[in-house]
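Visitor: Let me see the structure of the following:
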Amino acid sequence: MPGMDEGRFVPALYLEQLVAKGCVVRLGLLGCLVLLTAVNWTGLPVFQDRFVFFQGGVFTWFLVLGFSLNIFYLLFWKQISNLYRFFQLQLTSDLLLAGFWIILSGGVSSGFIFLFLLIVFFYGRIFGIRGMFLISLLTVLFLAGLGIWQFQHPQLWGQTGYAPRYLLYNISLQTLALILVCMLALVGRRQERNMASALLKKEQALVMAEELKGHVFDWMDSGLLLVESDGTIATMNRKALEWAGLKRVDEGVGNFLGEVFPEIDSFWRSHPNQEIRRQVLSCRAMGAVFGIKITSVPEVRKTLILFSDITPFVALEERVRTMEKLASIGELAAGLAHEIKNPLAGIKASLQLLSAGDLGEEYTARLHRVIVRDIDRLDVLLKDFLVYAKPSVGDQEAVNPFVVAKEGVAALEAGYPEISVSFEVPGNDPSWTWDRRQLYQVLYNLLLNGFQAARCEIVIRGTQHPQVMEIVDDGPGLDQTISGRVFEPFVTSKKQGTGLGLAIAQRLAAANGYFIELRDREDGPGVAAVLLPLSEEPEADS
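Guide: So this is what the prediction gives:
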């Protein structure tokens with residue numbers, strides 16, 4: 001069909017829509033013909049020049065043929081692979097039916113020649129410009145031939161003769177109408193082409209997206225399950241099939257999750273209607289550890305379960321933790337040995353001098369004091385180390401942290417008379433669940449660091465969060481060389497001290513469900529020591 005190649009840009013979806021539209025229009029026209037013919041039988045002059053063979057039988061066969069073709073097109077168009085061939089068949093049948101009806105209803109003078117205009121406009125959208133012009137040419141030739149036939153045999157239409165001018169006028173008028181229809185179709189052709197091309201691209205993109213989505217699910221290294229509310233598996237990807245030991249999707253889909261992944265099913269049912277961001281789940285049946293994520297999909301009333309095999313990562317993390325423990329034990333042992341070495345050296349030297357036996361009484365008493373001092377130093381060091389190594393749980397109770405902080409300030413301020421301390425207590429006195437003795441030890445260590453670093457002022461204040469306290473000094477700020485290791489034992493920038501104070505404070509805070517954070521002040525030099533809960537770490541004011 002000429003013009004058909006030009007029309008191949010029309011998407012399949014668009015052609016399918018035209019099939020339905022064409023059948024509806026054809027059905028409506030046939031219904032109108034039935035109505036008009038019924039009116040004509042009443043005696044009203046609907047047909048000016050009626051064909052002499054226009055009898056009831058012919059009209060009946062015409063309607064049977066028209067309705068039968070319409071029903072055939074509606075029923076069997078989906079079984080036809082080439083829709084363009086199908087539209088060629090429809091075009092041929094519609095031209096024959098329209099031509100036959102025009103002959104019956106008056107020939108060139110028929111009022112139904114507009115059917116050709118509809119055919120040209122409708123099929124021109126499918127077969128392109130050349131196809132539209134070819135249909136128009138066939139229509140003009142048909143009308144010219146029909147006019148010659150009417151001029152030679154007017155009696156077939158119940159007339160004694162036709163004036164040539166009358167026939168020529170009708171043919172010219174219909175030809176002009178066809179030209180106008182073609183021009184109208186040409187005006188909207190570019191826009192229709194663009195719309196059809198865009199529709200085709202969207203259709204292709206949609207198909208590609210659907211195919212890609214299926215491939216992406218199968219390419220994933222994670223298992224994917226879509227589970228119904230009753231536990232039935234609605235969808236699963238290839239990785240999930242592999243871990244389940246299945247070969248085909250239909251072996252898993254439709255079964256209950258507990259039959260395919262019992263451990264995942266138990267975990268899912270133990271967390272109903274909960275969003276699980278990341279949870280480690282050990283599956284003994286598969287000998288693997290999975291990182292699992294559960295997300296509800298309310299739009300389809302299903303649950304999306306993603307799970308990945310993290311067994312190698314868990315083993316690696318365990319090895320890293322073991323190495324870190326060994327490294328920390330080594331550093332701890334080295335630091336402890338270093339702190340014990342100096343007092344032992346002093347004790348040893350003092351004992352060696354005492355063993356000489358020729359020292360005076362005053363000098364002997366001084367050496368005894370040195371020995372006792374170093375032994376006390378070792379005793380304090382070992383007690384602090386035991387507190388750090390294994391802090392006791394203690395007896396937790398409701399405690400006002402600002403009251404405990406005032407006790408610590410009272411114990412320290414006499415040694416630092418140049419430092420002023422101010423409290424900014426919230427409107428409602430906060431209540432923390434702590435072991436009071438351990439809270440005092442933690443605050444005492446933080447306050448001691450503040451007094452030692454401050455120039456002239458320390459501020460102890462609460463924040464908008466009732467479980468957060470800040471101890472802010474105006475000292476030089478954090479020592480950047482050890483800022484990341486300040487809570488490690490035996491790490492300190494001070495000439496005096498063991499470096500266990502902050503380490504012990506952090507351990508005791510953790511035993512009570514809290515965490516200590518040291519940060520530089522934002523409003524000037526100094527350090528803010530923030531004591532906050534482990535469960536949530538709000539951004540405290542500096």
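Visitor: Would you map out the domains in this structure?
Guide: Segmentation of the chain into domains, based on automatic domain parsing, reads 5-187, 221-309, 314-389, 396-533.
Visitor: of all these, which gets the most neighbours per residue?
Guide: Ranked by mean neighbour count, the domains of the chain are led by domain 396-533 with a mean of 18 (mean count of other C-beta atoms under 10 Å). In short, each C-beta sits where N, CA and C put it, glycine included.
Visitor: Could you export the domains of the chain to TSV, including columns for mean pLDDT?
Guide: Output for the domains of the chain, formatted as TSV (pLDDT from 0 to 100):
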stretch	mean pLDDT
domain 5-187	75
domain 221-309	81
domain 314-389	75
domain 396-533	84
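Visitor: can you give me the strands in the stretch 251-400 of the chain?
Guide: Counting by DSSP state E, counting those that start in this stretch, one finds strands in the stretch 251-400 of the chain at the ranges 276-283, 288-297, 302-309, 396-399.
Visitor: Can you tell me the centre-most residue of this structure?
Guide: Thr295 (10.6 Å; C-alpha atoms, centre = their mean).
Visitor: Surely that one and Arg278 touch.
Guide: No: in this structure, Thr295 is not within contact of Arg278 by C-beta atoms under 8 Å, at 11.6 Å.
Visitor: Could you look up the SS state of Pro489?
Guide: Secondary structure, DSSP: H, G, I helix; E, B strand; the rest coil: Pro489 is coil.
Visitor: And the helix or strand hosting Leu178, how far out from the chain middle?
Guide: Assessed by DSSP states H and E, Leu178 sits inside helix 164-187. Helix 164-187 has its C-alpha centroid displaced from the chain centroid by 59 Å (C-alpha atoms, centre = their mean, to the nearest Å).
Visitor: just checking, what packs against it?
Guide: helix 114-152 (3 or more C-beta pairs under 8 Å, 6 or more residues apart in numbering; DSSP states H and E).
Visitor: Just name whatever secondary elements the helix it packs on is in contact with.
Guide: helix 12-41, helix 83-104, helix 164-187.
Visitor: Now do the shortest one and helix 114-152, the angle between them.
Guide: Put simply, helix 83-104 runs at 40 degrees to helix 114-152, going by axes from the mean of the first three to the mean of the last three C-alpha atoms, to 10 degrees.
Visitor: returning to what we had before: could you measure from the residue nearest to the centre of the chain over to Asp221?
Guide: Between Thr295 and Asp221 the computed distance is 18 Å (C-beta to C-beta, to the nearest Å).
Visitor: Same list (the helices and strands packed on helix 114-152) but as CSV, adding distance to Trp432.
Guide: Shown next, in CSV, are the helices and strands packed on helix 114-152 (distance: least, C-beta to C-beta, whole Å):
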stretch, distance to Trp432
helix 12-41, 67
helix 83-104, 77
helix 164-187, 81
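Visitor: quick one: which of the ones you listed is nearest Val300?
Guide: Closest to Val300 of the helices and strands packed on helix 114-152 is helix 12-41 (C-beta to C-beta; 25.0 Å).
Visitor: Residues touching the following helix or strand past that closest one, excluding its own?
Guide: As assigned by DSSP H and E, the chain's next helix or strand after helix 12-41 is helix 56-76. By C-beta atoms under 8 Å, 6 or more residues apart in numbering, the surrounding residues in contact with helix 56-76 are 19-20, 22-23, 26-27, 30, 33-34, 37, 86, 90, 93, 97, 100-101, 104.
Visitor: circling back to that earlier point, let's have the domains of the chain in TSV, adding distance to Ala205.
Guide: Shown next, in TSV, are the domains of the chain (distance: least, C-beta to C-beta, whole Å):
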stretch	distance to Ala205
domain 5-187	12
domain 221-309	22
domain 314-389	41
domain 396-533	50
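Visitor: Out of the ones you listed, which is closest to Met208?
Guide: Comparing the domains of the chain by C-beta to C-beta, domain 5-187 comes nearest, at 14.1 Å.
Visitor: Please tell me how far the residue nearest to the centre of the chain sits from Leu83.
Guide: Counting by C-beta to C-beta, the gap from Thr295 to Leu83 is 42 Å.
Visitor: got the residue ranges for the helices in the stretch 251-400 of the chain?
Guide: Here the stretch 251-400 of the chain has its helices, by DSSP state H, counting those that start in this stretch, at 257-260, 262-270, 311-356, 361-389.
Visitor: Any chance of CSV for these, columns distance to Met195?
Guide: Output for these, formatted as CSV (distance: least, C-beta to C-beta, whole Å):
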stretch, distance to Met195
helix 257-260, 46
helix 262-270, 47
helix 311-356, 52
helix 361-389, 76
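Visitor: For Ile516, find the nearest of the ones you listed.
Guide: Of all those, helix 361-389 comes closest under C-beta to C-beta, at 13.8 Å.
Visitor: For that closest one, name the packing helices and strands.
Guide: Judged by 3+ C-beta pairs under 8 Å, 6+ apart, helix 361-389 is in contact with helix 311-356, helix 501-511.
Visitor: wait, what's in contact with the residue lying closest to Leu257 once chain neighbours are set aside?
Guide: Residue nearest to Leu257 in three dimensions, not counting chain neighbours: Asp265, with 4.2 Å by C-beta to C-beta, 6 or more residues apart in numbering. Shown in contact with Asp265 (C-beta under 8 Å, 6+ apart): Gly231, Phe256, Leu257, Gly258.
Visitor: now, which of those sits nearest Glu413?
Guide: After measuring those against Glu413 - C-beta to C-beta - the closest member comes out as Leu257, at 64.6 Å.
Visitor: quick one: the closest one and Ala240, what's the gap?
Guide: Leu257 is 11 Å from Ala240, by C-beta to C-beta.
Visitor: so what sits against both of these two?
Guide: With C-beta under 8 Å, 6+ apart, Leu257 and Ala240 have common neighbours Leu225.
Visitor: So what does Phe112 look like in phi/psi?
Guide: Phi and psi for Phe112, reported as degrees, to the nearest 10, are phi -110, psi 20.
Visitor: after the helix or strand where Val403 lies, next one along is what?
Guide: Here Val403, judged by DSSP H and E, is contained in helix 401-412. Next helix or strand after helix 401-412 toward the C-terminus (DSSP H and E): strand 420-424.
Visitor: Identify all contacting residues around the next helix or strand after that following strand.
Guide: Following strand 420-424 in sequence order, the next helix or strand is strand 432-435 (DSSP H and E). Outside of strand 432-435, the residues within contact range by C-beta under 8 Å, 6+ apart are 393-401, 439, 467, 511-514.
Visitor: Mind picking the two most distant members of those residues?
Guide: Val393 and Asn400 (21.0 Å).
Visitor: For the closest residue to Leu226 other than its chain neighbours, give me phi and psi.
Guide: Leaving aside its sequence neighbours, Leu226 sits nearest to Thr235 (C-beta to C-beta, 6+ apart; 3.9 Å). The phi/psi pair for Thr235 (degrees, to the nearest 10) reads phi -150, psi 150.
Visitor: Surely Thr235 is in contact with Leu224?
Guide: Yes: at 7.3 Å, Thr235 counts as touching Leu224 under the criterion of C-beta under 8 Å.
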